[in-house]
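**Q** let's see this in three dimensions:
(chains A and B)
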Amino acid sequence: MYDISNSDRTTQRQELFIRLYKSAFPVVAKYVSRMGGSFDEAKDVFQDALVVYYEKVVTSPNLFSNDIAYLVGTAKNLWLKRYRQSTQNVPLDNLDVFDEEQETPSKTRLMRFLETAGKKCMELLKGFYYDQLSFAEIADEFGYSGVRSATVQKYKCLEKVRETIKQKALVYDDFME
Amino acid sequence: MTTSWNETQLIETHLSGTAQPGDALVFEAKFLLDNTLADKVIWQQKAYHTIQQFGRRQLKKEIEIVHQQLFTQPQHTSFSQKIRRLFGKQ
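**A** Numbering: from 1, shown residues only, chains lettered A, B, ... in the order given. The predicted structure is shown next:
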């Protein structure tokens, strides 16, 4: 069903998420339940809080002295924003949330295309730009002989993805904002 | 001679604002003279955005796998029951 590579890094992330789930999800679930929300709502906001958390710690590993408190706070704020917005005013200042990307049919099609046809390049670029891995880590994980070959491959892949997006945008008329 | 991957790298340096002043000037001049370069800059910005979205989708899949493990595997039963009980009346 899922096609995630089973690298050591994925296993490490999995262990981290299990630990965070076990420590922080009960607190979030209790809060959402008390506020009259559902299990699915608690799951939804908690998982998005994990994404926000991950994106912060990959750039600054020592950002949080208390990661559980950060996760719980973010999940609570997300729940208030999404499910309580119409009934009360919630202060949204300093709220760490990412903008929900609007999924258009063409964006979904492009993503599916890149996930299949360009999977190897996308995984490499994800390593660089999303997971913020170093060149040495990339070379090790993707089997490049050294930093130089990883660098060349990175830019070749970036160019390939750039040209793919351009081509697809010309075909899908609802692609551009 | 500038190979295409060198050019892609130059665009990245330009977009990240980390180019040396001299290089930045050369890039600006090329940018004005070469329409295809301006076009590439625009699509490269979209590529970064798409990579970010791809990364997020993959991460969400990993998180969902963890969720399914915690709520279906026997070794996590006491955890999942504790959560389910909170929403028992729904």
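**Q** so residue A:64, which of the three states?
**A** Three-state call for residue A:64 (DSSP: H, G, I helix; E, B strand; the rest coil): coil.
**Q** how close does it get to residue A:153?
**A** Using CB to CB, to the nearest Å, we find residue A:64 at a distance of 33 Å from residue A:153. Using the backbone N, CA and C atoms, a C-beta is placed for each residue, glycine as well.
**Q** from chain A, which residue is nearest to chain B?
**A** Using CB to the nearest CB, the single residue of chain A nearest to chain B is residue A:130, 2.8 Å away.
**Q** beyond the lengthiest helix in chain B, next helix or strand please.
**A** The helix that spans the most residues within chain B, counting by DSSP state H, is helix B:35-72. Heading C-terminal from helix B:35-72, the first helix or strand you meet, by DSSP states H and E, is helix B:77-86.
**Q** which residues touch the most centrally placed residue in chain B?
**A** Closest residue to the average C-alpha location of chain B: residue B:52 at 1.8 Å, with CA atoms, centre = their mean. If a contact means CB atoms under 8 Å, 6 or more residues apart in numbering or on different chains, then residue B:52 has A:129, A:130 as its contacts.
**Q** tell me the pLDDT of it.
**A** Per-residue pLDDT puts residue B:52 at 95.
**Q** returning to what we had before: neighbour count winner among residue A:64 and residue A:153?
**A** More neighbours surround residue A:153 than the other of residue A:64 and residue A:153, with 19 against 14 (other CB atoms under 10 Å in any protein chain shown).
**Q** rewinding a little: just the buried residues of the longest helix of chain B, please?
**A** For helix B:35-72, the buried set under the neighbour-count rule, 16 or more other CB atoms under 10 Å in any protein chain shown, comprises B:37, B:40-41, B:43-44, B:46-48, B:50-56, B:58-59, B:62-63, B:65-67, B:69-71.
**Q** before we move on, what about stretch B:4-23?
**A** B:5, B:7, B:8, B:9, B:10, B:11, B:12, B:14, B:19.
**Q** quickly check: it near chain A or not.
**A** Yes - judged by CB under 8 Å from any CB of the partner chain, stretch B:4-23 comes into contact with chain A at B:4, B:5, B:6, B:8, B:9, B:12.
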